[in-house]
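Visitor: Sharing a model prediction with you, sequence too.
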Amino acid sequence: MKKHIQALAVAAVAMASVSASAMTIDFSEYATDQTLVNVANPFQSKGFTFSTTHTMFYAWGKTQAQNMDQGGAAIMGHEKITMKQANGQPFSFYSVDMDDAGSSPLGTPTGNTTAHPIKFTFHYIGGTTSEKTVYLDAIGGKQTFVFGEYNLLSVDWEHTNNWAGPTMGGQFDNVKVNEDCGVK
């Protein structure tokens, strides 16, 4: 009985340490009253580095109708975006909120005539990769995409060109990660 209690105690401590290292990157440090601000390329938030093949990132103002995170900040990026831990350690990537680049306020048509594909490429410890494509609908407003990927060195995403619409790129926010890798 004593061994079972000790095992439960060890399991509880382990679970607490895993959940303690889970976090949401919400980019609140970029919330602004300005209409639109430039965000450096690369930039860091909560121990993660974000880079793009585009010149820079942007953030809509807190009250701009196009901002998918009203009152807060979402980052807008174009072309290929890469995310990795600043210290180079592996991490887990649970989910991310996304929306089109910002042509339309919440609940209004974006002008896209088809779903907007975004291809994610996951780069794992050991050099293997996998891909998953998700689709933004044609209505302004955030959508949450759940991945549950573990043992990552980095993740890339890019807005593919095989869709018809006025914008190239998108907003991202509320990136849920576990910086301690959370080995599955």
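Guide: Looks like it arrived, so ask away.
Visitor: Which residue is the nearest non-sequential neighbour of Glu179?
Guide: Phe91 (5.1 Å; Cβ to Cβ, 6 or more residues apart in numbering). The way it works is simple: take the backbone N, C-alpha and C, and place the C-beta from them, glycine included.
Visitor: Would you check that that neighbour makes contact with Gly47?
Guide: No - taking Cβ atoms under 8 Å as the definition, Phe91 is not a contact partner of Gly47, at 9.1 Å.
Visitor: higher neighbour count, these two?
Guide: Taking other Cβ atoms under 10 Å, Phe91 and Gly47 do not tie; Phe91 has more neighbours (25 against 14).
Visitor: can you pull the pLDDT of that one?
Guide: pLDDT for Phe91: 96.
Visitor: same thing with Ala14?
Guide: So Ala14 comes in at 39 (pLDDT).
Visitor: same question, Lys176
Guide: 97.
Visitor: give me the element it is part of.
Guide: strand 170-178 (DSSP states H and E).
Visitor: List of residues touching that strand?
Guide: 18, 21-27, 48, 60, 67-69, 72-77, 81, 83, 91-102, 116, 118, 136, 142, 144, 157, 159 (Cβ atoms under 8 Å, 6 or more residues apart in numbering).
Visitor: Those residues in strands, which ones?
Guide: Using DSSP state E, the members of these that fall within strands are 22-25, 48, 60, 75-77, 81, 83, 91-100, 116, 118, 136, 144, 157, 159.
Visitor: contacting residues around the closest residue to Leu106 other than its chain neighbours?
Guide: Leaving aside its sequence neighbours, Leu106 sits nearest to Gly141 (Cβ to Cβ, 6+ apart; 4.6 Å). Taking Cβ under 8 Å, 6+ apart, we find Gly141 in contact with Met68, Asp99, Leu106, Gly107.
Visitor: mind checking pLDDT for Gly141?
Guide: Per the predicted model, pLDDT is 83 at Gly141.
Visitor: Glu149 too?
Guide: 96.
Visitor: Go through the helix or strand containing it and flag the buried ones.
Guide: Per DSSP H and E: Glu149 is located in strand 143-159. Using 16 or more other Cβ atoms under 10 Å as the test for burial, strand 143-159 gives 143, 145, 147, 149-159.
Visitor: Okay, now the sheet partners of it, with direction.
Guide: strand 80-85 (antiparallel), strand 91-100 (antiparallel), strand 116-124 (antiparallel) (DSSP bridges).
Visitor: Any chance of a markdown table for those, columns distance to Thr52?
Guide: As requested, those are arranged in a markdown table below (distance: least, Cβ to Cβ, whole Å):
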| stretch | distance to Thr52 |
| --- | --- |
| strand 80-85 | 5 |
| strand 91-100 | 15 |
| strand 116-124 | 14 |
